[in-house]
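Peer 1: coords please:
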Amino acid sequence: QVQLAESGGGLVQAGGSLRLSCAVSGRSTSTYGIGWFRQAPGKEREFVGGIRWSDGITYYTDSVKGRFTISRDNAKSTVYLQMSSLKPEDTAIYYCAARRYWGVAGPLPSADFESRGQGTQVTVSS
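Peer 2: Numbering: from 1, shown residues only. Below is the predicted model of the structure:
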């Protein structure tokens, strides 16, 4: 299994941008897909998007498509979630999660992932 650690959360005004990082360690990442999830207070955890480490293929849920971008840095073993045009409804704890051999062709529930980070809080003020 891999270990994941998110960072980069904080408070931002609506319309602003924020970049989250997910540092991955423990084993080779080439066979993994990394997903991003978020959970707002009183709501279920929501799939945001994911990236296939081997070739950078990405997938996004409709609510963030065009505003969020997922990328990875092989040298740093880090996945990024660049968030732009943020809205108050984007406020949540954001988690990254890893699943081996995930094709990243569509969303998966978080329970299907092998490892998950501790999360980082993102708050968007109106």
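Peer 1: Taking the centroid of the chain, which residue is nearest it?
Peer 2: For the chain, residue 36 is the residue whose C-alpha lies nearest the centre (CA atoms, centre = their mean; 2.5 Å).
Peer 1: surely that residue meets residue 50?
Peer 2: Yes: counting by CB atoms under 8 Å, residue 36 touches residue 50, with 6.7 Å between them. Bear in mind the C-beta positions are built from the backbone N, C-alpha and C, glycine included.
Peer 1: In contact with the residue nearest to residue 38 when sequence neighbours are not counted: list those residues for me.
Peer 2: Distances taken as CB to CB, 6 or more residues apart in numbering put residue 92 closest to residue 38, at 3.7 Å, once the chain neighbours are dropped. For residue 92, the contacting residues are 38, 39, 40, 43, 46, 121, 122, by CB atoms under 8 Å, 6 or more residues apart in numbering.
Peer 1: check contacts around the third one.
Peer 2: Contacts for residue 40 were tallied using CB under 8 Å, 6+ apart; they are 46, 89, 91, 92, 93.
Peer 1: mind listing which of the contacts of residue 92 are in helices?
Peer 2: Among the contacts of residue 92, no member falls in helices (DSSP state H).
Peer 1: Now, those that are in strands?
Peer 2: When DSSP state E is applied, those are split such that 38, 39, 46, 121, 122 fall in strands.
Peer 1: Report the two of these separated the most.
Peer 2: 46 and 121 (15.1 Å; CB to CB).
Peer 1: With neighbour numbers in mind, choose between the two.
Peer 2: In terms of neighbours (other CB atoms under 10 Å), residue 46 is the more surrounded of residue 46 and residue 121; the figures are 16 against 12.
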